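> Sharing a model that was predicted from the sequence below.
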Amino acid sequence: MTFEKTARYSPYQTIDRVDWARRSDDAMLHVFEQDMDALRGMNEPLNIKEITEVYVPLSRLINFYVKAAQELYAATSSFLGSTVHKVPYIIGIAGSVAVGKSTTARVLQRLLSAWPDHPRVDLVTTDGFLYPNSVLESRQLMNRKGFPESYDIRGLMHFLAEVKSGRERVSAPVYSHLEYDVLPGQRQWVESPDIVIVEGINVLQVKQRPEREDAVFVSDFFDFSIYVDAKEHDLRQWYIERFKRLRATAFQDEDSFFHRYASLSDEESVQMATYIWNTINKPNLVENIRPTRYRANLILEKGKDHFVKSVQLRKI
Ligand SMILES: Nc1ncnc2c1ncn2[C@@H]1O[C@H](COP(=O)(O)OP(=O)(O)O)[C@@H](O)[C@H]1O
Ligand SMILES: CC(C)(COP(=O)(O)O)[C@@H](O)C(=O)NCCC(=O)O
């Protein structure tokens, strides 16, 4: 008996950067020209080459998907004879701490809302659904911030269910990185959006009571999801760099939770950031975040300096 070597099947097709950049087009870049100035003014670390070659094609693909989803929804409504009401398209963005989720989300928000039909795009981060420090302290979870047990997942699911049911005004709690805590009494309002981007390390996790057959997961509310990926040593480096930058800026503020780190030397900052990375964020990446990578519809693979090397797009 002979065994034929079969090629390993992957549910993803990999598109290298050069090919991906071709998925943009001149007419479309023209549409974005005015917005490029606004993007430059947003003080984002991305350069224009990265935006035009990676993020503009991504926004183009998502724009196609949003239109297709709206048509599908209208077809179902017509079949059922029900009235069509607006249901927001929800995009999840996952990935490690410091991989650039918030940056990607803000740039996508800007690009998607610049499309000719000007969809209203809201952005929510799951940080707001972390339990307040007082709760984390009482449960001895302060060193587990970001781990599944540190989030009010029920609150997040309730928020998403309300958004997806088409409610006009829905609110979410707000987290402050400066205060390192949820801000008491503050809410962020999401009002009749066409698209909602939900960004956070935990958005593709499925650990909540998977044993129940009627279990619903955060990602069940997503129409499209992205995992931003990078090598662990790059992530650590980006985390350390962000920590050093915060020490020189935000930590100087007396209200900052980390004000005590404001006077650290460069070397001490690297040691402190490396310690936090190795004891909290890296274990969380390995145990809870990276295993969710292949649940995403699209994976952005970053190399050194946040440069996107390739894109993996789910075939089905
Ligand atoms: N595309 C990019 N190019 C250059 N720097 C980036 C890029 N995306 C993020 N960064 C930087 O990397 C760090 C982490 O990014 P951030 O968006 O805060 O990550 P996350 O939300 O995943 O924790 C920040 O210092 C940010 O300025
Ligand atoms: C609040 C977070 C879990 C969320 O991460 P991010 O928004 O940076 O991706 C993270 O920033 C965090 O606070 N981690 C705990 C350890 C630390 O202080 O970095």
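Perfect, I can see it now. Ligands and ions are numbered 1, 2, ... in the order given.
> From now on I want contacts and neighbour counts done on CA atoms only, so please keep to that.
Will do.
> who's in contact with the helix ranked longest in the chain?
Determined from DSSP state H, the single longest helix within the chain is helix 56-80. Helix 56-80 is contacted by residues 20-24, 29, 83-84, 89, 108, 111-112, 115 when judged by Cα atoms under 8 Å, 6 or more residues apart in numbering.
> Go through these and flag which are in strands.
In this view, those that belong to strands under DSSP state E are Tyr89.
> Distance to Leu285, neighbour count and pLDDT added to the contacts of helix 56-80, as a markdown table?
Shown next, in a markdown table, are the contacts of helix 56-80 (distance: Cα to Cα, whole Å; neighbours: other Cα atoms under 10 Å; pLDDT from 0 to 100):
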| residue | distance to Leu285 | neighbour count | pLDDT |
| --- | --- | --- | --- |
| Trp20 | 27 | 18 | 97 |
| Ala21 | 29 | 20 | 95 |
| Arg22 | 32 | 12 | 93 |
| Arg23 | 31 | 14 | 91 |
| Ser24 | 32 | 20 | 84 |
| Leu29 | 36 | 15 | 72 |
| Thr83 | 44 | 9 | 77 |
| Val84 | 41 | 13 | 67 |
| Tyr89 | 27 | 23 | 95 |
| Leu108 | 24 | 21 | 94 |
| Leu111 | 29 | 23 | 90 |
| Leu112 | 29 | 23 | 92 |
| Trp115 | 34 | 15 | 81 |
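> which ones among the contacts of helix 56-80 are found in helices?
Those of the contacts of helix 56-80 lying in helices (DSSP H): 20-21, 29, 108, 111-112.
> Between those residues, which sits nearest ligand 1?
Relative to ligand 1, the closest of those is Leu108; by Cα to the nearest ligand atom it sits at 11.5 Å.
> List the contacts of the closest one.
Applying Cα under 8 Å, 6+ apart to Leu108 gives the contacts 55, 59.
> Look up how far ligand 2 lies from it.
According to Cα to the nearest ligand atom, to the nearest Å, Leu108 stands 16 Å off from ligand 2.
> List the residues that contact Val311.
Neighbouring residues of Val311 by Cα under 8 Å, 6+ apart: 14-17, 20, 298-301.
> Show me where the chain has its helices.
Counting by DSSP H, the chain has helices at residues 17-21, 26-41, 48-50, 56-80, 101-113, 133-138, 153-164, 232-248, 266-276, 282-284.
> among those helices, which gets the worst mean confidence?
Mean pLDDT per stretch puts helix 26-41 lowest among the helices of the chain, at a mean of 69.
> Could you give the bridge partners of the nearest residue to Ala230 once chain neighbours are set aside?
In space, and not counting its chain neighbours, Ala230 is closest to Lys302: 5.0 Å by Cα to Cα, 6 or more residues apart in numbering. In this entry, Lys302 is beta-bridged to Val308, by DSSP bridges.
> Is Lys302 in contact with Val308, as I believe?
Yes - using Cα atoms under 8 Å, Lys302 is in contact with Val308, at 4.2 Å.
> could you give the mean pLDDT of stretch 186-198?
The average of the pLDDT scores along stretch 186-198 is 96.
> So what touches that stretch?
Residues outside stretch 186-198 that contact it (Cα under 8 Å, 6+ apart) are 86-93, 105, 109, 119-126, 166-174.
> Touching, Leu141 and Ser150? I think so.
Yes - using Cα under 8 Å, Leu141 is in contact with Ser150, at 6.8 Å.
> ok, these two, which is more surrounded?
The neighbour count for Leu141 versus Ser150, taken as other Cα atoms under 10 Å, is higher for Ser150 (20 against 17).
> I'm done for today, thanks for sticking with me.
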